[in-house]
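Asker: need a 3D model of the following:
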Amino acid sequence: MSGLLFLGPSLPVEEARALTEMRILPPAAQGDLYRAILDHRPRAVGIVDGYFHQVPSVWHREVLWAMSEGVAVFGAASMGALRAAELCDFGMVGVGRVFEAYRDGRYGSFPELFENDDEVAVLHGPPETGFLRLSDALVDLRQGLIEASDAGVISAALRDRLAAEAAALPYGERSAEALLASPSLEGEAAQALRLWWERGYESQKRRDAIALIARMEAWLSTGEPAPPPSFVFQRAGVWEAFVAGEARRRAETLSPDEQLVIDDLQLDPPAWAALRRAAGREPGGSLAEDARDCLLRWRESRGLRSRPALDAWMAANGLDQAGLAALFERVARRGGAHVTPAGFRDVIDHLRITDRYAAALARARRHAELLSANPDAPPARPSAMSLAERYGVIDASALGAETLERAARRLCYGDASALAQALEMRRKLELAGVADFEREAR
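Answerer: Have a look, this model is predicted:
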């Protein structure tokens, strides 16, 4: 199944995983839909939950862009229902009663206009709590009151009065318990509604989330492509600025393999410092040289004139065509020496254009496997200073020997703790069987 699902408090992730093999992501904020499509290339995306209030919400332009890229977008229950009601005329597929209410402007027989985003808002815990709900959505309270009224438990007038009281509360204070404690409930009505709520209530948002999963599963199983969009996506200035910002962010964000290489290189402090300085001095093209000219000149110097040779190099270096283009845009833009030691991205770029990345990655993976197979170090763990002396980072016999903090700055580590962590990992590697680390690391 090539589907993604943004899900949070509306449906527990464990329940969703029992219903679908789609990849489940946390609630969507602005930019998350765009990033997820670039990262996973799904055929379909379902939006159930999304952030608002604390951070910008998932953007209408993201949804329109996704559909213009041939991705089917579904929405239900919460933020997804709201966006689907706003964009269903453009092709976003809405599912469930909450979506229908936003689309039509009415929820059941309640007289007020149904349009506010706080109808679906809840307070919830962080991801490690499973997005535990700390309040109830107004739309869920409305649905419970409708069903209780339909069952004859409360009158229509009392139903509307209780809903109005709940709507008057801030969304974080709305709950079934607060509703059932209303002074409007007295005597037998209070007891009857509480008993019904305990036995018969079910969240409408949960129902709609389950319906969305079923709808997406059914569509994905057909293998059909998404219908062509009924609009032309306009790449407005605000969108281009967002995309450019994302490109810069993605360029500076290391992949797991790249981060593994960086972590491994830092296990040899003198070599790490030398590499950062070398990467900082790596010349790019002239200031006037564009990325294409820079790439052509580099291919010529490396003997990668044919397309198969270049494809093999890209595969060995973990790059696709977009990654190769981004690499040489950075190299061309750099255009000369750095004043300060290079950053992590510059180090990775330097390894790639000097044909050392593949070997560095293979070594880093080998070291990671050794550490995974031998996770426990002996209890007598040496101090960071003693390790620095052992590996020749600090000469303790010298007059006025430098501190670990000064050594970290000299060797281009972020701080003393980063250097100490690298030294400890090197010690563990030696215990795991890397006997001659310095010779192997070159």
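Asker: counting contacts, what elements does the host helix or strand of residue 98 pack onto?
Answerer: Take DSSP states H and E as the rule and residue 98 turns out to sit in helix 97-104. Applying 3 or more CB pairs under 8 Å, 6 or more residues apart in numbering; DSSP states H and E, we find helix 97-104 packed against strand 72-76, helix 79-87, strand 93-95, helix 138-150, helix 204-222. Where C-beta positions appear, they are placed from N, C-alpha and C, glycine not excepted.
Asker: could these be laid out in a markdown table, adding distance to residue 325, mean pLDDT and mean neighbour count?
Answerer: Formatted as a markdown table, those follow (distance: least, CB to CB, whole Å; pLDDT from 0 to 100; neighbours: other CB atoms under 10 Å):
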| stretch | distance to residue 325 | mean pLDDT | mean neighbour count |
| --- | --- | --- | --- |
| strand 72-76 | 28 | 97 | 27 |
| helix 79-87 | 32 | 97 | 25 |
| strand 93-95 | 34 | 97 | 24 |
| helix 138-150 | 46 | 95 | 22 |
| helix 204-222 | 32 | 96 | 20 |
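Asker: quick one: closest of these to residue 348.
Answerer: strand 72-76 (34.0 Å; CB to CB).
Asker: where's residue 4, which helix or strand?
Answerer: Assigned by DSSP H and E, residue 4 falls in strand 3-6.
Asker: for residue 245, same thing?
Answerer: In the assignment (DSSP H and E), residue 245 maps to helix 237-252.
Asker: name the helices or strands packed onto that helix?
Answerer: Where contact means 3+ CB pairs under 8 Å, 6+ apart, helix 237-252 is packed against helix 32-40, helix 60-68, helix 321-334.
Asker: residue 155 against residue 149, yeah?
Answerer: Yes - taking contacts as CB atoms under 8 Å, residue 155 lies within contact range of residue 149: 7.0 Å.
Asker: CA atoms only for stretch 106-121, dumped as CSV, please.
Answerer: This file holds the C-alpha atoms of stretch 106-121, laid out as CSV (Å, rounded to 0.1, in the frame of the first residue of the first chain):
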residue,chain,number,x,y,z
ARG,A,106,-24.9,22.6,9.7
TYR,A,107,-24.4,19.7,12.2
GLY,A,108,-27.5,17.7,12.7
SER,A,109,-30.5,19.8,13.8
PHE,A,110,-28.5,22.3,15.8
PRO,A,111,-29.5,25.8,14.7
GLU,A,112,-26.1,27.5,14.7
LEU,A,113,-23.8,27.7,11.7
PHE,A,114,-21.2,24.9,11.8
GLU,A,115,-17.9,26.5,10.6
ASN,A,116,-15.5,27.1,13.5
ASP,A,117,-12.3,25.1,13.6
ASP,A,118,-12.6,24.7,17.4
GLU,A,119,-15.5,22.3,16.8
VAL,A,120,-12.8,19.6,16.3
ALA,A,121,-10.1,21.0,18.5
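Asker: quick check on the nearest residue to residue 230 once chain neighbours are set aside: phi, psi?
Answerer: In space, and not counting its chain neighbours, residue 230 is closest to residue 91: 6.0 Å by CB to CB, 6 or more residues apart in numbering. Residue 91 adopts backbone torsions of phi 120, psi -10, taken as degrees, to the nearest 10.
Asker: ok, residue 91 to residue 67 distance?
Answerer: Residue 91 sits 5 Å away from residue 67, taking CB to CB, to the nearest Å as the criterion.
Asker: for those two, list the residues in contact with both.
Answerer: 73, 229 (CB atoms under 8 Å, 6 or more residues apart in numbering).
Asker: the two: who's more crowded?
Answerer: residue 67 (24 against 18; other CB atoms under 10 Å).
Asker: pLDDT score for that one?
Answerer: Note for residue 67: predicted pLDDT of 95.
Asker: quick one: the closest residue to residue 19 other than its chain neighbours and residue 321, what's the gap?
Answerer: Spatial nearest neighbour of residue 19, chain neighbours left out: residue 213 (5.0 Å); criterion: CB to CB, 6+ apart. Residue 213 is 35 Å from residue 321, where distance means CB to CB.
Asker: likewise residue 360?
Answerer: 22 Å.
Asker: of the two, who's got more company?
Answerer: Shown here are residue 360 and residue 321; by other CB under 10 Å, residue 360 has more neighbours (22 against 10).
Asker: name the helices or strands packed onto the helix or strand that contains that one?
Answerer: Assessed by DSSP H and E, residue 360 sits inside helix 357-373. Contacts defined by 3+ CB pairs under 8 Å, 6+ apart place helix 357-373 against helix 256-265, helix 344-353, helix 416-432.
Asker: tell me which helix or strand comes right after the first one.
Answerer: It refers to helix 256-265. helix 269-281.
Asker: and that following helix with helix 416-432, angle?
Answerer: Counting by axes from the mean of the first three to the mean of the last three CA atoms, to 10 degrees, helix 269-281 points 120 degrees away from the direction of helix 416-432.
Asker: what about the following helix or strand past helix 269-281, average pLDDT?
Answerer: Next along the chain after helix 269-281, taking DSSP H and E as the criterion, comes helix 291-302. What helix 291-302 shows for mean pLDDT is 86.
Asker: same thing with stretch 124-134?
Answerer: 87.
Asker: could you do stretch 255-264 as well?
Answerer: 89.
Asker: mind listing what's buried in it?
Answerer: Residues of stretch 255-264 classed as buried by neighbour count (16 or more other CB atoms under 10 Å): 257-258, 260-264.
Asker: just curious, which of those is nearest to residue 411?
Answerer: Looking at the buried residues of stretch 255-264 and their distance to residue 411, the nearest is residue 262, at 14.3 Å (CB to CB).
Asker: contact partners for the closest one?
Answerer: With CB under 8 Å, 6+ apart, residue 262 has these contacts: 254, 344, 347-348.
Asker: distance of the residue lying closest to residue 118 once chain neighbours are set aside relative to residue 52?
Answerer: In space, and not counting its chain neighbours, residue 118 is closest to residue 171: 4.6 Å by CB to CB, 6+ apart. Look at residue 171 and residue 52: by CB to CB, they are 10 Å apart.
Asker: joint contacts of those two?
Answerer: By CB under 8 Å, 6+ apart, residue 171 and residue 52 have these common neighbours: residue 121.
Asker: buried ones only from the contacts of residue 262, please, as a ChimeraX command.
Answerer: Written as a ChimeraX command, the selection of buried residues from these, which uses 16+ other CB under 10 Å, is:
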select :344,347,348
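Asker: and the two most separated of the contacts of residue 262?
Answerer: Longest span within the contacts of residue 262, CB to CB: 254 and 347, 9.8 Å.
Asker: what's next to the one helix or strand residue 16 maps to, contact-wise?
Answerer: Using DSSP H and E, residue 16 sits within helix 13-19. Contacts with helix 13-19, where a contact means CB under 8 Å, 6+ apart, come from 5, 7, 24, 130-131, 209-210, 213-214, 217.
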